[in-house]
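Undergrad: predicted coordinates and the sequence they were generated for:
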Amino acid sequence: MTPRSFAFAAAMLLLTKGVAADGLRLRELEWTGAWPTFPRFRAVTSGDFEGDVEARIATRADPVRYRACLAFYRLAAVLGSRVVPRTEVYPIHVREVLAALSNDSRGLALLRQGMAIHNDGTVAVLVSAAVAGAREVDINASPEAVVWRSWAEGRQPVPPDRRALVGGYVEMLVLDYLTANVGRRRVTVDSAAAGIYLTENGTAWNDRADPRAVNAIFSQLKRVRGFSRRLFDGLRGFDRSKADETLHAGSFATWLVASHPMAAMMERKRALLDLVEARMAEVGEASAVWYP
């Protein structure tokens, strides 16, 4: 094994919290026809992450985008957010990827020349739990999103059966603000339209995000009338040591987020806490922090 191959294998083992390459088995892959630079597949897997899932394959066009997605999930999880489906990354041998695509000629043609294959013959595969009855909603132009925003900002009363959905909308704003994720265009809702899920997170942690766009997310948060108690408590306990444990585990080669975006995130976290605490002082804790 070459030094480069050994370094990659070690980094992947640390990145996946010790899961070996045989911790996941790809049984089937079918390209959805979307996102050609970071193609999305419907997949069937067994092993550590079993069932019907979504899989993304690292390509030479964007070989490390999976890091942003994995970091976004791990941040959401440590803060107690429920809007990002479980997401992990596995080093899978290229022959297994190609075998899983044996019944999908379009996906096979897409990946045969485009996969980012490492010296040890593996490719990074990002696997996420599938959302039942998934349907995508344009977060900027959809009439549904307009209603969600109206509920979140208190311009209309929130129906009792939509509290979780509106809470998820607010959590989206919080997570996107923390990670400077100004590129979000869509969210996913489940079959009952009772919950929001964030499945497209590859544009997070943008160190060159337009500050005006980041501030625009914060302006939306200023108009929000209620926040999640669970997420607020998670933010209060999220100090720099917890951030390093979540996103800077292992050696430098395994860091999911660079130092500058991490420092900027911690500054934005402080601004968020100040905002929520100011709202609590203004209207009372029960009125400011009431989503589950």
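TA: Noted; the coordinates are in hand.
Undergrad: and the helix ranked longest in the chain, what does it pack against?
TA: When the chain is parsed with DSSP state H, its longest helix is helix 259-283. Judged by 3 or more Cβ pairs under 8 Å, 6 or more residues apart in numbering; DSSP states H and E, the packing partners of helix 259-283 are helix 163-178, helix 211-223, helix 229-236, helix 240-247, helix 285-288. Backbone N, C-alpha and C define where each C-beta goes, glycine included.
Undergrad: mind listing what's buried in it?
TA: 261-262, 264-265, 268-269, 272, 275-276, 279-280 (16 or more other Cβ atoms under 10 Å).
Undergrad: repeat for stretch 97-112
TA: Buried residues in stretch 97-112 (16+ other Cβ under 10 Å): 97-98, 100-101, 104, 107-108, 110-111.
Undergrad: over to stretch 44-53?
TA: 44-45, 49, 53.
Undergrad: run the chain-centre distance for it.
TA: Counting by Cα atoms, centre = their mean, to the nearest Å, stretch 44-53 is centred 19 Å from the centre of its parent chain.
Undergrad: stretch 236-253 now?
TA: On Cα atoms, centre = their mean, the centre of stretch 236-253 falls 17 Å from that of its chain.
Undergrad: now that stretch: buried residues?
TA: 238, 243, 246-248.
Undergrad: what's the strand or helix carrying V53 packed up against?
TA: Following DSSP states H and E, one finds V53 within strand 51-57. Where contact means 3+ Cβ pairs under 8 Å, 6+ apart, strand 51-57 is packed against strand 40-47, helix 65-79, strand 122-129.
Undergrad: in CSV: those, plus mean pLDDT and distance to L198.
TA: Below are the helices and strands packed on strand 51-57 laid out as CSV (pLDDT from 0 to 100; distance: least, Cβ to Cβ, whole Å):
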stretch, mean pLDDT, distance to L198
strand 40-47, 92, 14
helix 65-79, 96, 7
strand 122-129, 94, 10
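Undergrad: so which of the ones you listed comes closest to E136?
TA: strand 40-47 (11.3 Å; Cβ to Cβ).
Undergrad: need the residues that contact that closest one.
TA: Contacting residues not belonging to strand 40-47 are listed as 22-32, 34, 51-57, 100, 107, 127, 130 [Cβ atoms under 8 Å, 6 or more residues apart in numbering].
Undergrad: residues of stretch 200-220 that come out buried?
TA: 200-206, 209, 214, 217, 220.
Undergrad: would you mind measuring the gap between the ends of that stretch?
TA: Start to finish, the residues bounding stretch 200-220 are 20 Å apart (Cα to Cα, to the nearest Å).
Undergrad: mean confidence for it?
TA: Across stretch 200-220, the average pLDDT comes to 94.
Undergrad: neighbours of R67, how many?
TA: When neighbours are counted by other Cβ atoms under 10 Å, R67 registers 23.
Undergrad: quick check: closest non-adjacent residue to it.
TA: Closest residue to R67 apart from its sequence neighbours, by Cβ to Cβ, 6 or more residues apart in numbering: L256 at 4.9 Å.
Undergrad: sorry, back to before: which of the buried residues of stretch 200-220 sit farthest apart?
TA: Distance extremes for the buried residues of stretch 200-220: the farthest pair is G202 and Q220 at 21.4 Å, using Cβ to Cβ.
Undergrad: any idea how this structure splits into domains?
TA: 3-129, 135-291 (automatic domain parsing).
Undergrad: can you flag the weakest of those domains by average pLDDT?
TA: Among the domains of the chain, domain 3-129 carries the lowest mean pLDDT (a mean of 83).
Undergrad: quick one: distance of that one to the chain centre.
TA: For domain 3-129, the distance to the chain centre is 14 Å (Cα atoms, centre = their mean).
Undergrad: equivalent analysis for stretch 285-292, please.
TA: Taking Cα atoms, centre = their mean, the mean C-alpha location of stretch 285-292 is offset from the chain mean by 25 Å.
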